[in-house]
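Student: Predicted model and sequence follow; I will ask about them next.
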Protein chains: 2
Amino acid sequence: MSYKDFKLDDSVGYLTGQVSMWLSRRLARNFKAAGYDVTVEQWRVLVRLWDSDGQNQQALACATGKDKPSITRLIDNLEKNNLLVRVPDANDRRVNLVYLTNKAKELQKELIEIAEKTLQEALDQIQPDEVALCKDVLNKMINNLKVE
Amino acid sequence: MSYKDFKLDDSVGYLTGQVSMWLSRRLARNFKAAGYDVTVEQWRVLVRLWDSDGQNQQALACATGKDKPSITRLIDNLEKNNLLVRVPDANDRRVNLVYLTNKAKELQKELIEIAEKTLQEALDQIQPDEVALCKDVLNKMINNLKVE
DNA sequence: TTGTTTTAGTTGCATAAACAACTTTTAATC
DNA sequence: GATTAAAAGTTGTTTATGCAACTAAAACAA
């Protein structure tokens, strides 16, 4: 295939990027419309902590696919907003354990429901079996790209 | 479905985000490894201009799915790197027409080949018909999200 | 023709990402 | 036990995003 045949709008790269972008915008808007002052990236961190509270930053970086500096700053902002706290690990003084505040725990139900609603908006009129196959392909791509 | 059943790693939102992220990282790395000092976002603008040179900024914003301020700054940086120039429109003094420099035109073949190679890395061992269906779903999602 | 509205683009501010360089603490090695 | 290597976090710099507010020019209307 020649470079002259390259059609950006037909590439999976472009399409996943667009879906990701529009989904994030829609989710941010839905959070805001419901009165929640939480960014999409902050939400991704919260999801991991709702699932398993008290992780260290390294584990959070791994779970969210971000690097350590990104997590440092996300946690800075979440801590500023009183959604979590850093607790120094008693056994290893290099480590911070990150714990949700009550305020953050109370957000779980509503924010997840907004996320689910947002996904439904995106998947409207699309057959579940098609979605399943799509997710399958996306997972394979992630595996291809993650390795080394 | 209860909020307690929400599994982030199984949601299309998460999966498209991860694919988009890993693809961008891989593409950036491949550009850099080949000695090209072009960011992924700058590349997206270049693709649109290779296809149709001399667009105004508004059209570029639309074609790339970004807002006007994002385009202003991307073009600032591309202009700094001598990849394009702003030319005031003779008929409408509000408008800038954006033209590729020769330097940018010469990059087209190589950068697109790198992008195609990167996509191949991502799609390794995945059946073309599965990819086609996946793209179909992604397009439907984009349409669902873009409207309104 | 003046006054108003729309359009194109820019600037300011907050959040976030990628990469490199750095500090501190722990683990490993000799 | 002193030295070196590795791990956990932080900081700095550049690039990019989203939103709101802004300027300047053009289009529209009274």
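Tutor: Received the coordinates, thanks.

Student: all helices for chain A, in order.
Tutor: Ranges of helices within chain A are A:12-33, A:40-51, A:57-64, A:68-80, A:102-123, A:128-146, based on DSSP state H.

Student: Dump the ones you listed to a markdown table, plus mean pLDDT and mean neighbour count.
Tutor: Where you see a C-beta, it was placed from the backbone N, CA and C, and this is true even at glycine. A markdown table is the format used below for the helices of chain A (pLDDT from 0 to 100; neighbours: other Cβ atoms under 10 Å in any protein chain shown):
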| stretch | mean pLDDT | mean neighbour count |
| --- | --- | --- |
| helix A:12-33 | 94 | 20 |
| helix A:40-51 | 96 | 20 |
| helix A:57-64 | 96 | 18 |
| helix A:68-80 | 97 | 15 |
| helix A:102-123 | 95 | 17 |
| helix A:128-146 | 94 | 17 |
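
Student: can you list the ones you listed in a markdown table and add distance to DNA strand D?
Tutor: Shown next, in a markdown table, are the helices of chain A (distance: least, Cβ to the nearest atom of the strand, whole Å):
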| stretch | distance to DNA strand D |
| --- | --- |
| helix A:12-33 | 5 |
| helix A:40-51 | 9 |
| helix A:57-64 | 3 |
| helix A:68-80 | 3 |
| helix A:102-123 | 13 |
| helix A:128-146 | 18 |
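
Student: Turn these into CSV, including distance to B:Tyr99.
Tutor: As requested, the helices of chain A are exported to CSV (distance: least, Cβ to Cβ, whole Å):
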stretch, distance to B:Tyr99
helix A:12-33, 23
helix A:40-51, 35
helix A:57-64, 40
helix A:68-80, 36
helix A:102-123, 37
helix A:128-146, 34
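
Student: List, one by one, the residues from chain A near DNA strand C.
Tutor: Applying Cβ under 7 Å from any atom of the strand, we find that chain A lies next to DNA strand C at A:39-42, A:66-67, A:69-70, A:73-74, A:77, A:92-94.

Student: Tell me which two in those residues are the farthest apart.
Tutor: Across these, no pair lies farther apart than A:Val40 and A:Arg93, at 32.8 Å, counting by Cβ to Cβ.

Student: I figured A:Glu110 hits A:Gly35, correct?
Tutor: No - with contact defined as Cβ atoms under 8 Å, A:Glu110 does not reach A:Gly35; the gap is 9.5 Å.

Student: Nearest spatial neighbour of A:Leu74, chain-adjacent residues omitted?
Tutor: Of all residues not flanking A:Leu74 in the chain, A:Val45 sits nearest, at 5.5 Å (Cβ to Cβ, 6 or more residues apart in numbering or on different chains).

Student: was I right about that neighbour contacting A:Arg73?
Tutor: No - taking Cβ under 8 Å as the definition, A:Val45 is not a contact partner of A:Arg73, at 10.9 Å.

Student: Now the common contact residues for those two.
Tutor: With contacts taken as Cβ atoms under 8 Å, 6 or more residues apart in numbering or on different chains, A:Val45 and A:Arg73 have no neighbour in common.

Student: Spatially central residue for chain A, please.
Tutor: Centroid-nearest residue in chain A: A:Arg44, 3.3 Å away (criterion: Cα atoms, centre = their mean).

Student: looking at it, that one is touching A:Ala63, isn't it?
Tutor: No - counting by Cβ under 8 Å, A:Arg44 stays clear of A:Ala63, with 9.0 Å between them.
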